[in-house]
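**Q** Below: sequence and its predicted model.
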Amino acid sequence: MADLFADDEPPQRALDEPGEDAPLADRLRPRDLSEVIGQEHITGPEGAIGRMVAAGRLSSLILWGPPGTGKTSIARLLAAAVGMRYEAVSAVFSGVADLKKAFAAAETAKKAGQRTLLFVDEIHRFNRAQQDGFLPFVERGTVTLVGATTENPSFELNAALLSRAQVLILHRLDAAALGRLLDRAEDLEGPLPLTNPAREALIASADGDGRFLLNQAETLYAAKIAEPLDPAALGQFLQRRVAVYDKDREGHYNLISALHKAVRGSDPQASLYYLARMLTAGEEPLFLARRLIRMAVEDIGMADPGALTQCIAAKDAYQFLGSPEGELALAQACVYLATAPKSNAVYKAQKAAWKSARETGSLMPPMNIVNAPTKLMKQVGYGAGYTYDHDADEGFSGDNYWPDEMEPQAFYQPVERGFERKVRERLAYWDKLRDERR
């Protein structure tokens, strides 16, 4: 009788296998590392994870990559691939008590001969003291730690923790990888109600996030759309993914670095693109105005002195107009900088002069150029022999202005570009006159 009833019952589902009513992204989770899309550089036979699995032994890992790129799936599949017990905590929802419970369970499992892979999602959200708490358990082999983070581990994780883990970088999913995800969704749920151009637009809207893409696809399936949507109709039906951008984290620094280097590289098109990326993501416009001013004095300088004027004017214009009108002034300044002749001669001269000033200490200027406001100072030689340059031939005396104990230096070396070409000619002319009058 028991066998008869068993035949009528549905097959037992694995505990971690999602049900039919689970979200599409969960139902399409890979069941093997070979099914992970877009991260073959680490999961393939020649990748770090592929080699570890082949050897049957894991080291602690930090999986660093954008949202929706497979960090959680890889950790879960890793445990299964090497026969380890899997335990997961999230730094967003877990506290010290949860960690103690996880470590205690891992200690018990270790005594029974079972190794534990502890997956810590958003590990960068744990503070420094909490991160230090992992160290003894990692060192004793109680757990093999696999942490996931969207933030640069160099900035967000303790050096001690990083020294005990290998950092693996997950790539943002490209269009081909996202297309393969949609193929899997359509194999499971049927064709999406989209024209081919709309399908491409859907992939582009995901901005490299596989989870977001599958959630959008699920919305389309649930809507029971009769006729395929074109890109315009799709745009009205769905929202684009908001670009990942935290103003105090790595995305911010990456983009401002890209903007600065594009300006320095005289590419106005790329410069405008990165300026737009930051402004549309909600960056503070006055932060960008300050950085443009910095570029004007660091990378253009005397090659085009008008660059600084343009940037100060753009800052004033933005403060006067506000957004969005004032952003046009920032764009104009950005284009001006990118198309201006470049020179870092003043930047280099400033560094060299500051270094020399620190090294030479309190050397006295030559007596002929120090002020003599009192009779006594005049009597002891202050200001003696000074030549008023406006009274000299060609408005140039050629006097020595350096301390007697110091050789004249050449900090500023103008380049043969822009306005500095004329400055260079002028300095050469004065050097010639100085030599003649010695």
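**A** Perfect, thanks for sending it. Residues are numbered from 1 along each chain as shown.

**Q** Could I get the full set of strands for this structure?
**A** 61-64, 85-90, 116-121, 144-149, 166-169 (DSSP state E).

**Q** Output those strands in TSV; the columns should cover mean pLDDT and distance to Leu376.
**A** (Each C-beta comes from the backbone N, C-alpha and C, glycine too.) Below are the strands of the chain laid out as TSV (pLDDT from 0 to 100; distance: least, Cβ to Cβ, whole Å):
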stretch	mean pLDDT	distance to Leu376
strand 61-64	94	70
strand 85-90	92	78
strand 116-121	94	75
strand 144-149	94	70
strand 166-169	93	69
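
**Q** Figure out which of those strands is closest to Pro45.
**A** strand 166-169 (15.4 Å; Cβ to Cβ).

**Q** For the closest one, give me every contacting residue.
**A** For strand 166-169, contacts defined as Cβ atoms under 8 Å, 6 or more residues apart in numbering pick out 42, 48-49, 59-65, 153.

**Q** Looking at these, state which has the most neighbours.
**A** The residue in the contacts of strand 166-169 with the most neighbours, by other Cβ atoms under 10 Å, is Leu63 (29 neighbours).

**Q** That one: what's it in contact with?
**A** By Cβ under 8 Å, 6+ apart, Leu63 lies in contact with 71, 74-75, 146-149, 168, 170.

**Q** Excluding chain neighbours, give the residue nearest to Glu61 in space.
**A** Rather than Glu, residue 61 is Leu. Val146 (4.8 Å; Cβ to Cβ, 6 or more residues apart in numbering).

**Q** which residues pair with the one you found across the strands?
**A** Under the criterion DSSP bridges, Val146 forms beta bridges with Leu61, Phe119.

**Q** Count the neighbours of it for me.
**A** Neighbour tally, Val146, other Cβ under 10 Å: 29.

**Q** Tell me if I'm right that it and Thr116 touch.
**A** No - Val146 is not in contact with Thr116 according to Cβ atoms under 8 Å; the separation is 10.7 Å.

**Q** how near is the residue nearest to Leu61 to Trp430?
**A** Distance from Val146 to Trp430, counting by Cβ to Cβ, to the nearest Å: 66 Å.

**Q** ditto for Ala410
**A** Distance, Ala410 to Trp430, using Cβ to Cβ: 12 Å.

**Q** So for these two, which residue has more residues nearby?
**A** Just comparing Ala410 and Trp430: by other Cβ under 10 Å the higher neighbour count belongs to Trp430, 13 against 9.

**Q** Surely the more buried one and Phe396 touch.
**A** Yes - using Cβ under 8 Å, Trp430 is in contact with Phe396, at 6.1 Å.

**Q** In this protein, where is pLDDT below threshold?
**A** Applying pLDDT under 70 to the chain picks out residues 1-19, 239-250.

**Q** mind checking the longest helix of it?
**A** Counting residues, the longest helix found in the chain (DSSP state H) is helix 420-437.

**Q** send the alpha carbons of that helix over as PDB?
**A** Taking Å, rounded to 0.1, in the frame of the first residue of the first chain, the C-alpha atoms of helix 420-437 are listed here in PDB:
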ATOM      1  CA  GLU A 420      53.600  79.000 -24.300                       C
ATOM      2  CA  ARG A 421      55.500  79.000 -27.600                       C
ATOM      3  CA  LYS A 422      55.600  82.800 -27.300                       C
ATOM      4  CA  VAL A 423      56.500  82.600 -23.600                       C
ATOM      5  CA  ARG A 424      59.400  80.300 -24.500                       C
ATOM      6  CA  GLU A 425      60.700  82.700 -27.000                       C
ATOM      7  CA  ARG A 426      60.400  85.600 -24.500                       C
ATOM      8  CA  LEU A 427      62.400  83.600 -21.900                       C
ATOM      9  CA  ALA A 428      65.100  82.700 -24.400                       C
ATOM     10  CA  TYR A 429      65.400  86.400 -25.300                       C
ATOM     11  CA  TRP A 430      65.800  87.500 -21.700                       C
ATOM     12  CA  ASP A 431      68.400  84.700 -21.100                       C
ATOM     13  CA  LYS A 432      70.300  86.100 -24.000                       C
ATOM     14  CA  LEU A 433      70.200  89.700 -22.600                       C
ATOM     15  CA  ARG A 434      71.100  88.400 -19.100                       C
ATOM     16  CA  ASP A 435      74.200  86.600 -20.500                       C
ATOM     17  CA  GLU A 436      75.300  89.800 -22.400                       C
ATOM     18  CA  ARG A 437      75.000  92.000 -19.300                       C
END
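
**Q** And that helix, how far out from the chain middle?
**A** 45 Å (Cα atoms, centre = their mean, to the nearest Å).

**Q** go on, stretch 401-415?
**A** 40 Å.
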